[in-house]
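Chemist: Any chance you could fold what I've pasted below:
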Amino acid sequence: MKNFFTTLSNIWKIEDLRVRITNTLLFLLIYRIGCVVVLPGVDPASLSSHAQEGILGLLNMFAGGAFQHASIFALGVMPYISASIVVQLLGIAVPYFAKLQKEGESGQNKINQWTRYLTIAITALQAMGYLKSQVSLPDPFFAIVDVFVLTAGTLFVMWLGERITDKGIGNGISLIIMIGIIAQLPSAVGIEFVTRTGGNGGLITFVVEIVAYILIVMFTILIVQGTRKISVQYAKRIVGNKQYGGVRQYIPLKVNAAGVMPIIFAQALMFIPAYIPSLFPSIATNPVVMSLGNYTSWGHNLLFAVLIILFTYFYTAITVNPKQMSDDMKKNGGFIPGVKPGQATSNFIDDIISKITLPGAIALAIIAIIPAIASSIGVSSAFARFFGGTSLIILVGVILDTLQQIESHLLMRHYDGLMKTGRIKGRSAMPSGASSTSSVI
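Modeler: I've put the predicted structure just below:
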């Protein structure tokens, strides 16, 4: 406990870190205030009783409840994330975007500009769909105004995220999503506590659920932090009186290199069976269709897990480039002991990635289906969402990333870090091709 308060004191002593944390908290406060400002022409009382389920419940969680309450930030940063994913995939399929990705900072600036333009288009389309399906407006004039308001709201949230990244601590977009998820957690725990203490299981059951939740969080941390280190040796170079190279570093390959993206992709596909009965009423009573459309059924979750494993391999393959890693290593005079440079090194790295991706994919699939399992055994749907899936991985990943950035500031100024016992000794030699989780979340 003494070390904890000493660390907090050290954080406060570093002016740059203190200013960055303060800026981050102020920007997040602005975002949360905007989440309770209702759209023009919308009656808040008519929305307060609407419960969101399925994909709408997921969007509402990411928006911190703003989606359900028709806030000016109702669409949150999801259009920006969608645009980022599209542009990232275009970098694989379209030569122009692939060229931009290799042009360094100037190319990244152009990619960011394209992402913003696409965000505006996606937000405008989603705003029209949102107003048509979620709210009732007294006059068509308000619909036009609210489309502009929702679009401006998403762009403002995107701007807040960029300011947090530049002036604050951590990834701004990720922190905005995280704070939206955390904002829903107290009410979900409260609902579960009232339900259990009201006669449905009792206090002991509630305590067991909390303990189970903590264990799941610990398991998720292991998966997010898990890495396979490949030793890299750099040749010695003597320039004048100085020696360069000659040190052993490592390439950390993540067990879960794809992050949360496989769950997002698989989740998007798993909502299709739910809409099949409305499109084809004749097969609505088919047992297979009914099973796939049931969130808690074995068929639904088995297919969901298989899709996650497949998407994990797919996303890892398109984001982690062993050939580029091998080339960068060769240019810098590095080599893996016992492995020839060039194609042999690329094949060696690719083989290791293939081996560690399978357990990572299976673990990711387990985390993704835990909410459905929790819901099927009696945990309220509001609390079950936090037992795994996208929300838990985002929470764990963003918190760990932010803590690591704070620790780097402390260590740079010769203070003890936040995670002394878990610090990895040695130096990381992560080439550019190994950055596999470049998405905003």
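
Chemist: Low-confidence stretches in the stretch 151-300 of the chain?
Modeler: 236-248, 268, 271-281, 284, 293-295 (pLDDT under 70).

Chemist: Please, where are all the strands along it?
Modeler: 227-234, 237-239, 242-244, 248-254 (DSSP state E, counting those that start in this stretch).

Chemist: My guess is Val157 contacts Pro79. True?
Modeler: No: with contacts counted by CB atoms under 8 Å, Val157 stays clear of Pro79, the gap being 9.6 Å. Quick note: C-beta positions are derived from backbone N, CA and C, even for glycine.

Chemist: And the two? Which one has more around it.
Modeler: A direct count of neighbours by other CB atoms under 10 Å for Val157 and Pro79 places Val157 higher, at 28 against 25.

Chemist: so how many other residues sit close to the nearest residue to Gly64 once chain neighbours are set aside?
Modeler: Distance criterion CB to CB, 6 or more residues apart in numbering; nearest residue to Gly64, sequence neighbours excluded, is Gly180 at 3.0 Å. Neighbourhood size, Gly180 [other CB under 10 Å]: 27.

Chemist: Provide a list of residues in contact with Gly180.
Modeler: Residues near Gly180 by CB atoms under 8 Å, 6 or more residues apart in numbering: Cys35, Met61, Phe62, Ala63, Gly64, Gly65, Ala66, Gly76.

Chemist: and those residues as TSV, adding secondary structure?
Modeler: What follows is those, written out as TSV (DSSP: H, G, I helix; E, B strand; the rest coil):
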residue	secondary structure
Cys35	coil
Met61	helix
Phe62	helix
Ala63	coil
Gly64	coil
Gly65	coil
Ala66	coil
Gly76	coil
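
Chemist: what's the most distant pair in those residues?
Modeler: Spatially, the most separated pair among the contacts of Gly180 is Cys35 and Met61, at 12.3 Å (CB to CB).

Chemist: More neighbours: which of the two?
Modeler: Per other CB under 10 Å, whichever of Cys35 and Met61 has more neighbours is Met61, with 27 against 23.

Chemist: From Gly107, how far out is the more buried one?
Modeler: The gap separating Met61 from Gly107 is 34 Å, by CB to CB, to the nearest Å.

Chemist: do Leu303 as well
Modeler: 39 Å.

Chemist: likewise Val289?
Modeler: 46 Å.

Chemist: Asp166 now?
Modeler: As judged by CB to CB, Asp166 and Gly107 stand 19 Å apart.

Chemist: Looking only at neighbour counts, state which of these two leads.
Modeler: Remark: of Asp166 and Gly107, Gly107 carries more neighbours, 16 against 10, as counted by other CB under 10 Å.

Chemist: just for the stretch 1-150 of the chain, where's the confidence low?
Modeler: Along the stretch 1-150 of the chain, the parts satisfying pLDDT under 70 run over 1-5, 44-58, 138.

Chemist: Can you check my assumption that Ile85 lies in a helix?
Modeler: Yes: under three-state DSSP, Ile85 sits within a helix.

Chemist: if I look at it, how far off is Pro341?
Modeler: From Ile85 to Pro341 the distance is 34 Å (CB to CB).

Chemist: Kindly report the same for Gln68.
Modeler: Distance, Gln68 to Pro341, using CB to CB: 56 Å.

Chemist: and what of Leu302?
Modeler: Separation of Leu302 from Pro341 (CB to CB): 44 Å.

Chemist: Pop the domain breakdown of the protein in here.
Modeler: Structural domains annotated on the chain: 12-169, 207-441, as defined by automatic domain parsing.

Chemist: doesn't Thr390 make contact with Gln267?
Modeler: Yes: counting by CB under 8 Å, Gln267 touches Thr390, with 7.0 Å between them.

Chemist: what's the closest non-adjacent residue to Ile349?
Modeler: In space, Ile349 is closest to Pro322, 4.0 Å off (CB to CB, 6+ apart).

Chemist: Find me the pLDDT at the one you found, would you?
Modeler: pLDDT, Pro322: 87.

Chemist: residue contacts, it?
Modeler: Neighbours of Pro322 in contact, by CB under 8 Å, 6+ apart: Ser346, Asn347, Ile349, Asp350, Ile353, Gly433.

Chemist: Between the residues you listed, which sits nearest Met261?
Modeler: Looking across the contacts of Pro322 and measuring by CB to CB, the closest to Met261 is Ile353, at 15.9 Å.

Chemist: Is that closest one within a helix or a strand, and which one?
Modeler: helix 343-376 (DSSP states H and E).

Chemist: Now that helix: average pLDDT?
Modeler: Helix 343-376 shows an average pLDDT of 89 in the prediction.

Chemist: And that helix, what does it pack against?
Modeler: If you count contacts as 3 or more CB pairs under 8 Å, 6 or more residues apart in numbering; DSSP states H and E, helix 343-376 packs onto helix 202-225, strand 227-234, strand 248-254, helix 261-270, helix 298-319, helix 322-331, helix 381-384, helix 389-412.

Chemist: neighbouring strands for the second one, and are they parallel or not?
Modeler: Strand 227-234 pairs in its sheet with strand 248-254 (antiparallel), strand 334-335 (antiparallel), by DSSP bridges.

Chemist: how close does Pro140 sit to Ala70?
Modeler: Distance of Pro140 to Ala70, computed by CB to CB: 17 Å.

Chemist: Between these two, which has more neighbouring residues?
Modeler: Ala70 (24 against 8).

Chemist: Test my guess that the more buried one contacts Leu137.
Modeler: No: counting by CB under 8 Å, Ala70 sits too far from Leu137 to count as a contact (9.9 Å).

Chemist: what residues are shared contacts of these two?
Modeler: Val42.

Chemist: any idea how far Thr24 is from Ile394?
Modeler: Taking CB to CB as the measure, Ile394 falls 17 Å from Thr24.
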